[in-house]
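Q: sequence first, predicted model second:
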Amino acid sequence: MFKRLVLLLVVLGCWADYATAGEKKQLLLIGQKRDNHPPTTHEFMAGLKVLASVLQKNPRVDVQVVEAIEPWPEGAEMIRRADGIVLYVSEGAKWMAAEPRRQDAIAQLAARGGGLTALHWGIGCRDQEFVAPFTQLFGACHGGPDRKYQVLDTRLRPDPAHAIARGVAPITVRDEFYYRLKRPVGDSQPHPLLTATIDGAEETVAIAWERPDGGRSFGFTGLHYHDNWRQEFYRRLVAQGVLWTVNAEIPEQGIDVDVGAGIFKLLDAEPVK
């Protein structure tokens with residue numbers, strides 16, 4: 001009888017491990033319509049469509065793209081159900097703080113080890129008051145009146161030792177980059193994943209952070225121009241950053257980021273008023 005009980009427990013334990021390994025990670029990609037920037041810039045929803053098409057190649061994740069139309073009452077619950085989120089919105093730090101239930105849901109996601117990603121203006125804000133709470137979750141913020149940014153042609157250099165950079169070679173590109181990002185208070189600091197040459201100095205424009213709560217955060221300040229999604233470098237870097245935040249395996253050669261040319265089509269020809 002005892003031996004049968006032990007055998008049953010072993011079988012159940014193996015089944016539990018198998019079931020956990022087979023569970024898909026739920027990724028929630030959160031965007032908005034283009035803000036007051038001109039067409040082909042800040043094309044958040046069109047960009048997330050590209051990102052989703054790459055992420056969906058991975059059988060271990062389920063991807064949902066959502067347009068967060070304010071006040072977005074269902075947003076907090078959607079975030080609570082996710083294993084990882086991506087913010088590609090205007091003034092992400094202010095956006096997070098705009099709704100207490102939303103901010104609480106993101107904090108709860110982080111507390112249970114969830115993945116947090118912010119892209120371009122999603123990693124920033126104009127007002128200083130929103131900077132500190134955001135950095136404590138996402139690891140960096142382009143915020144406050146002293147924030148630094150430039151549109152320029154520059155050389156991007158990833159850290160080849162980091163898993164996110166697998167299959168990602170240096171590239172020269174034109175984009176608007178945020179730099180000298182604000183960092184969280186405390187001993188745990190984000191890793192400078194990607195640098196760009198700006199005014200003769202190497203500036204960090206992407207970070208990867210293994211947070212004290214056991215979760216992971218990734219941020220990239222480029223992607224002002226929608227056309228940069230056509231760069232294999234961009235698609236691989238961003239998709240692998242998102243996958244890294246939910247502990248998905250990244251192959252040594254990098255993931256497959258091939259997509260059809262039609263995926264880059266803009267979704268909205270008119271700016272939001």
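A: Perfect, thanks for sending it.

Q: would you agree Pro168 is in contact with Gln231?
A: For residue 168 the amino acid is Val, not Pro. No: look at Val168 against Gln231 with C-beta atoms under 8 Å: they stay out of range, at 10.4 Å. Glycine gets a C-beta too; all of them are placed from N, C-alpha and C.

Q: mind checking which of those two has more residues around it?
A: Between Val168 and Gln231, Val168 has the larger neighbour count (other C-beta atoms under 10 Å), namely 25 against 16.

Q: mind checking pLDDT for that one?
A: Val168 carries a pLDDT value of 98.

Q: so it: helix, strand or coil?
A: coil (DSSP: H, G, I helix; E, B strand; the rest coil).

Q: so what's it up against?
A: Pro158, Phe233, Arg236, Leu237, Gln240, Gly254 (C-beta atoms under 8 Å, 6 or more residues apart in numbering).

Q: mark which of these are part of helices, please.
A: The helices, defined by DSSP state H, take in Phe233, Arg236, Leu237, Gln240 from the contacts of Val168.

Q: sort out which of those residues are buried, if you could.
A: Phe233, Arg236, Leu237, Gln240 (16 or more other C-beta atoms under 10 Å).

Q: max pairwise distance over these: which two?
A: Phe233 and Gln240 (10.9 Å; C-beta to C-beta).

Q: re earlier: which of the contacts of Val168 sits closest to Pro38?
A: Phe233 (23.9 Å).

Q: that closest one and Gly167 touch, don't they?
A: No: applying C-beta under 8 Å as the test, Phe233 and Gly167 come out as separate, 9.5 Å apart.

Q: my guess is Val54 meets Gly254, correct?
A: No: at 11.1 Å, Val54 and Gly254 do not qualify as touching, with contact defined as C-beta under 8 Å.

Q: which one's more surrounded, these two?
A: More neighbours surround Val54 than the other of Val54 and Gly254, with 23 against 19 (other C-beta under 10 Å).

Q: please enumerate the helices of the stretch 151-273 of the chain.
A: 232-245 (DSSP state H, counting those that start in this stretch).

Q: pLDDT below threshold where in it?
A: Along the stretch 151-273 of the chain, the model assigns pLDDT under 70 to residues 267-273.

Q: how does it look with 90?
A: Applying pLDDT under 90 to the stretch 151-273 of the chain flags residues 266-273.

Q: in the protein, which residue is closest to the centre?
A: Thr117 (2.4 Å; C-alpha atoms, centre = their mean).

Q: name the nearest residue to it, sequence neighbours excluded.
A: Spatial nearest neighbour of Thr117, excluding adjacent residues (C-beta to C-beta, 6 or more residues apart in numbering): Val86 at 4.3 Å.

Q: measure the one you found to Val54 for me?
A: To Val54, Val86 is 12 Å away according to C-beta to C-beta, to the nearest Å.

Q: ok, Lys24 next?
A: Taking C-beta to C-beta, one finds Lys24 at 16 Å from Val54.

Q: picking that back up, dig out what the residue nearest to the centre of the chain forms beta bridges with.
A: Val86, Phe218 (DSSP bridges).

Q: which parts of the stretch 151-273 of the chain are strands?
A: Ranges of strands in the stretch 151-273 of the chain, per DSSP state E, counting those that start in this stretch, are 171-179, 191-198, 201-210, 216-220.

Q: what is the second one packed up against?
A: If I follow you right, that is strand 191-198. For strand 191-198, the packing partners by 3 or more C-beta pairs under 8 Å, 6 or more residues apart in numbering; DSSP states H and E come out as strand 148-158, strand 171-179, strand 201-210.

Q: of all those, which one is nearest Leu29?
A: Nearest of those (C-beta to C-beta): strand 201-210, 17.8 Å.

Q: and the buried ones among the ones in helices among the contacts of Val168, which is closest to Ile106?
A: Gln240 (22.0 Å).

Q: number of residues surrounding Gly214?
A: Neighbours of Gly214 (other C-beta under 10 Å): 11.

Q: and the gap between the spatially closest residue to it that is not a sequence neighbour and Glu252?
A: Nearest non-adjacent residue to Gly214, counting by C-beta to C-beta, 6+ apart: Gly113, 4.6 Å away. Separation of Gly113 from Glu252 (C-beta to C-beta): 25 Å.
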